[in-house]
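**Student:** Give the three-dimensional model of this entry:
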Amino acid sequence: MANATLFLTSAIQVLLFNKEITGQLSDGYWENSAPFEHWKFWSCVGASFAVGHQPGIEISTAMYVRCNRNNYGLERLLKFDEPRERMLALGRSIDPSYTEKQLRADLKVIKMAMRTVRYV
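**Tutor:** So this is what the prediction gives:
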């Protein structure tokens, strides 16, 4: 069970966060980024889609990991074929006409939602 919920505006964004972005934070593009262990907070976050809910994060009082980074250039992942193609495939699993333009827009929403958490 997640100790925090990242609310997003679409099911595709939830899929992107849960299936690709969290992996990129811990074992991929940002694996060796400072501050060390920045990914631990995000591994405790589950994404959710709720109609009418503003993008952002809600943290449980039981959250035991502190956030020490909330800004990631998610659009940088598009420079690399493998993560870009995986993310497009995730989007197309829900919407067969999903495009890279839509992916860019979804990454912006996810990034904005992640930025709503404050360092604690």
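**Student:** Just give the closest residue to the most centrally placed residue in the chain, not the sequence neighbours.
**Tutor:** Relative to the mean C-alpha position of the chain, the nearest C-alpha, by Cα atoms, centre = their mean, is the one of residue 17, at 3.5 Å. Nearest-residue entry for residue 17: residue 47, 4.1 Å, with adjacent residues in sequence omitted and distances by Cβ to Cβ, 6 or more residues apart in numbering. Any C-beta I mention is one placed from the backbone N, CA and C, and that applies to glycine too.
**Student:** Same check on residue 15?
**Tutor:** Counting by Cβ to Cβ, 6+ apart, residue 90 is the residue found nearest to residue 15 once chain neighbours are left out, at 4.9 Å.
**Student:** Wasn't the one you found part of a strand?
**Tutor:** No. With DSSP: H, G, I helix; E, B strand; the rest coil as the criterion, residue 90 is helix rather than part of a strand.
**Student:** what's it in contact with, if anything?
**Tutor:** Contact partners of residue 90, counting by Cβ atoms under 8 Å, 6 or more residues apart in numbering, are 12, 15-16, 19-20.
**Student:** buried stuff in stretch 22-29?
**Tutor:** Counting neighbours by 16 or more other Cβ atoms under 10 Å, one finds that the buried residues in stretch 22-29 are 22-25, 28-29.
**Student:** Narrow those residues to those in strands?
**Tutor:** Secondary structure defined by DSSP state E assigns none of the buried residues of stretch 22-29 to strands.
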